[in-house]
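> show me how the following folds:
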Amino acid sequence: MTRHHFAEYAKRDPKDYQAFSDSLWNGFVSVTKVVGLGKFFSFTPDKLEITDYDPEATGRALGEVYNFSQGKEENTL
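Okay, the predicted model is just below:
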């Protein structure tokens, strides 16, 4: 199936597509948490909208996530 297939599906039956999409997402979240990959993903972000993009702050935050994923509690950057 291609992305065009899913785009047509969404146009043809938006309610059913939304249910499919929600189910797929919930499955991803469940599997991610069960197999222990939850520390690599944030499913409850503190802030959903980015109003002021700061590349340096983003880099620092990604460094913190990486350090945490490696078992390092403190930021060593």
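> confirm for me that residue 39 is in contact with residue 69.
Yes - under the criterion of CB atoms under 8 Å, residue 39 is in contact with residue 69, at a separation of 5.6 Å. Quick note: C-beta positions are derived from backbone N, CA and C, even for glycine.
> ok, and what's touching the one helix or strand residue 8 maps to?
Following DSSP states H and E, one finds residue 8 within helix 3-12. Helix 3-12 is contacted from outside by 16-17, 20, using CB atoms under 8 Å, 6 or more residues apart in numbering.
> if we use 10 Å, what do you get?
Helix 3-12 has contacts (CB atoms under 10 Å, 6 or more residues apart in numbering) with 1-2, 16-18, 20-21.
> need the strands for this structure, in chain order.
Counting by DSSP state E, the chain has no strands at all.
> which one's the longest helix in it?
The longest helix of the chain (DSSP state H) is helix 14-34.
> what domains does the record give for this structure?
Using automatic domain parsing, the domain ranges for the chain come out as 1-38, 45-77.
> between those domains, which gets the lowest average pLDDT?
Note on those: domain 45-77 shows the lowest mean pLDDT, a mean of 69.
> stretch 17-33: which residues count as buried?
residue 17 (16 or more other CB atoms under 10 Å).
> how far out from the middle of the chain is that stretch?
Centroid separation for stretch 17-33 versus its chain: 11 Å, with CA atoms, centre = their mean, to the nearest Å.
> what's in contact with that stretch?
So stretch 17-33 is in contact with 6-11, 13, 37-41, 43, going by CB under 10 Å, 6+ apart.
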